[in-house]
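Trainee: here is a sequence together with a model predicted from it:
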Amino acid sequence: MSVVTVRAHDTVEAMEMVAQKLGPDALILSCKSKNGMIEIVASDSPIDVANVPSKPVEKPAEIAEVTAPPAPEATSGVVDIEIAENAPRRASFADQFKSQAMATPSKGMLDIDMVLNAPRVVLVGPAGAGKSLVATQLAAAMLDVSEARSLRFGYCGSGSHSDAAYLAQKAKLLGIDLTFADPRNFSGVRRGHTDIVVVSGKGAEGPLQAAALGVPMGARTVLVLPAGLRADRISYEIKRWAAPDMGVIFTCEPAFPPDGKDFEAVAQAGVTRLWTSFNDRILAGLITATEAPASKAAMPVSDIQGENT
């Protein structure tokens, strides 16, 4: 009988390691958390039931015989109680489950600090919205919070070589690792590290990739939209990339910031507006809703612009 012990950052990753070593029919002997890791002990041999010591069956205690009370006399006739159709009633489990599943997402659940301190941020949105630039701006903001932070860029998608090259160039300038891979290589978050993953808006597989990337505990999904879209287009993109407690970043030129129509469309969908991204710089390029936009003359025009996702 082979017994192996595996350790991983989460249960999913640990189970995958067990399946690789012992196969899908492995017997899990124990699963516990140890030093911040998930430790699983497993075997490839079934337990021999014949050798398992049996526990003697205890003799049930004697219970005194209890005489049943006399049955009540049968009443003749039918009691007819009229119940109004609109009478109040207690909600059934199905009604409660349906009401929770159909509930409108709570507003204001996601905030800026949650994004800046998340172990993974998944950037989604239509092609051309500026996700790659937002990824570098977000990385700079995270490093501003903690210079000792370990960051990694990730890119999931196809048919957009310029976006990948842009991220590779900026990752080198910022001293950040860059990984080109599908979502399965990002199965679990890394302790003490942060992944900023850009999901391409080209193709139909993007929302599925984003959903897989947003599964681990603490992962945050942020929708990147260019300012000036119609309300129905904003609503469409929010539904297309729907994720729990999703936030929105609007991208724009400093001279043409988003207006009340953009904000109203996002608010009606119950999604939190996080930042406005100015596309002329990386450092301090994310402006919060409470910050007054600086004049265009005061903003340094960067020479590090490139094609964005």
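Mentor: Alright, I've got the coordinates. Numbers count the residues shown, from 1 in each chain.
Trainee: okay, CA-based contacts and neighbour counts for the rest of this
Mentor: OK.
Trainee: just the helices in the stretch 101-250 of the chain please.
Mentor: For the stretch 101-250 of the chain, the helices defined by DSSP state H, counting those that start in this stretch cover 112-116, 131-145, 161-174, 206-213, 231-240.
Trainee: show the average pLDDT along the shortest one.
Mentor: Same thing as helix 112-116. Helix 112-116 shows a mean pLDDT of 90.
Trainee: now that helix: buried residues?
Mentor: By neighbour count on 16 or more other C-alpha atoms under 10 Å, the buried set for helix 112-116 is 115-116.
Trainee: and for stretch 20-34?
Mentor: 22, 26-28, 31.
Trainee: now swap in stretch 114-134 and tell me
Mentor: Quick answer for stretch 114-134 (16+ other C-alpha under 10 Å): 115-134.
Trainee: restrict it to CA atoms and write it as CSV.
Mentor: Below are the C-alpha coordinates for stretch 114-134, written out as CSV (Å, rounded to 0.1, in the frame of the first residue of the first chain):
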residue,chain,number,x,y,z
MET,A,114,-10.1,45.2,-1.4
VAL,A,115,-8.7,45.5,-4.9
LEU,A,116,-5.3,46.8,-3.8
ASN,A,117,-4.9,44.0,-1.2
ALA,A,118,-6.4,41.2,-3.2
PRO,A,119,-4.2,38.1,-4.0
ARG,A,120,-5.6,38.2,-7.5
VAL,A,121,-7.2,40.8,-9.7
VAL,A,122,-8.9,39.7,-12.9
LEU,A,123,-9.3,42.5,-15.5
VAL,A,124,-12.1,41.9,-18.0
GLY,A,125,-13.9,43.9,-20.6
PRO,A,126,-14.3,44.5,-24.4
ALA,A,127,-11.3,44.6,-26.7
GLY,A,128,-9.7,48.1,-26.9
ALA,A,129,-10.9,49.2,-23.5
GLY,A,130,-7.4,49.6,-22.1
LYS,A,131,-7.0,46.6,-19.8
SER,A,132,-3.3,46.3,-20.3
LEU,A,133,-2.6,49.9,-19.3
VAL,A,134,-4.9,49.5,-16.3
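Trainee: low-confidence regions, the stretch 1-150 of the chain specifically.
Mentor: Across the stretch 1-150 of the chain, residues meeting the criterion (pLDDT under 70) sit at 1, 45-109, 148.
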